[in-house]
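Participant: this one's structure only:
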């Protein structure tokens with residue numbers, strides 16, 4: 001039987017406002033370059049996942065949009081302009097595939113095989129929303145919904161508890177690269193230990209060499 005393929009929604013803020021807690025994490029590297037690299041590596045990994053039919057990047061940033069299109073993603077303008085959850089709902093409404101997932105844009109170590117495994121686990125209950133908590137266990141990196149079920153995102157502080165309270169089922173796989181979102185310099189170091197995607201790896205290597213690009 002043919003397995004369903006997914007629409008993955010990835011909102012990205014304007015780079016000037018994105019990932020504020022990461023400012024200065026790579027001395028000499030412009031903050032916007034780091035934020036763009038995180039998003040670019042995330043989208044690249046999602047596009048390489050065989051379970052994914054389409055990637056919808058919700059953004060009003062022209063550089064993010066250009067990177068996303070170059071990677072084969074569809075860019076959806078953030079017309080709500082009302083924060084992360086509104087952006088996720090807007091992207092989900094534009095999806096062409098019936099199975100929809102919300103994914104954060106700060107997963108520079110993401111492995112396509114781990115994303116595929118999490119999406120396969122989500123399909124085991126074809127009527128349920130599911131979510132994957134981040135490495136600390138309090139946030140959310142992935143939220144899924146089957147056809148006909150609203151995504152109902154609850155991203156924000158303590159989003160794992162909020163998603164569980166909303167009826168979403170937590171997924172228990174290890175999936176270290178999927179759970180490793182990057183909000184701080186310590187998170188970036190942890191992601192580097194797993195193996196960064198090419199854009200973020202190039203920035204960290206240039207920073208270490210004292211020649212940031």
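Facilitator: Everything's here; your move. The structure displayed is predicted, hence computed values, not measured ones.

Participant: So which residue is smack in the middle of the protein?
Facilitator: With the centre of the chain defined as its mean C-alpha position, the nearest residue by Cα atoms, centre = their mean is residue 104, 2.7 Å away.

Participant: Contact partners for that one?
Facilitator: With contact taken as Cβ atoms under 8 Å, 6 or more residues apart in numbering, residue 104 is in contact with 10, 42, 140, 141, 142, 155, 181. Quick note: C-beta positions are derived from backbone N, CA and C, even for glycine.

Participant: how about the helices in the chain?
Facilitator: In the chain, the segments counted as helices under DSSP state H are 31-47, 62-70, 84-94, 112-122, 159-165, 176-179, 185-194, 198-209.

Participant: okay, those, which one's buried deepest?
Facilitator: helix 31-47 (a mean of 24; mean count of other Cβ atoms under 10 Å).

Participant: what about it, distance to the chain center?
Facilitator: The chain centre lies 9 Å from the centre of helix 31-47; the measure is Cα atoms, centre = their mean, to the nearest Å.

Participant: do stretch 199-213 as well
Facilitator: 22 Å.

Participant: For residue 133, give its distance to residue 68.
Facilitator: 26 Å (Cβ to Cβ, to the nearest Å).

Participant: Next: residue 35.
Facilitator: Between residue 35 and residue 68 the computed distance is 13 Å (Cβ to Cβ).

Participant: now swap in residue 208 and tell me
Facilitator: Distance from residue 208 to residue 68, counting by Cβ to Cβ: 28 Å.

Participant: And for residue 191?
Facilitator: Residue 191 is 20 Å from residue 68, by Cβ to Cβ.

Participant: Take the contacts of residue 104 and keep only those in strands.
Facilitator: Using DSSP state E, the subset of those located in strands is 10, 140, 141, 142.

Participant: Reformat those residues as JSON lines; add neighbour count.
Facilitator: Putting these into JSON lines (neighbours: other Cβ atoms under 10 Å) gives the following:
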{"residue": "10", "neighbour count": "27"}
{"residue": "140", "neighbour count": "27"}
{"residue": "141", "neighbour count": "25"}
{"residue": "142", "neighbour count": "23"}
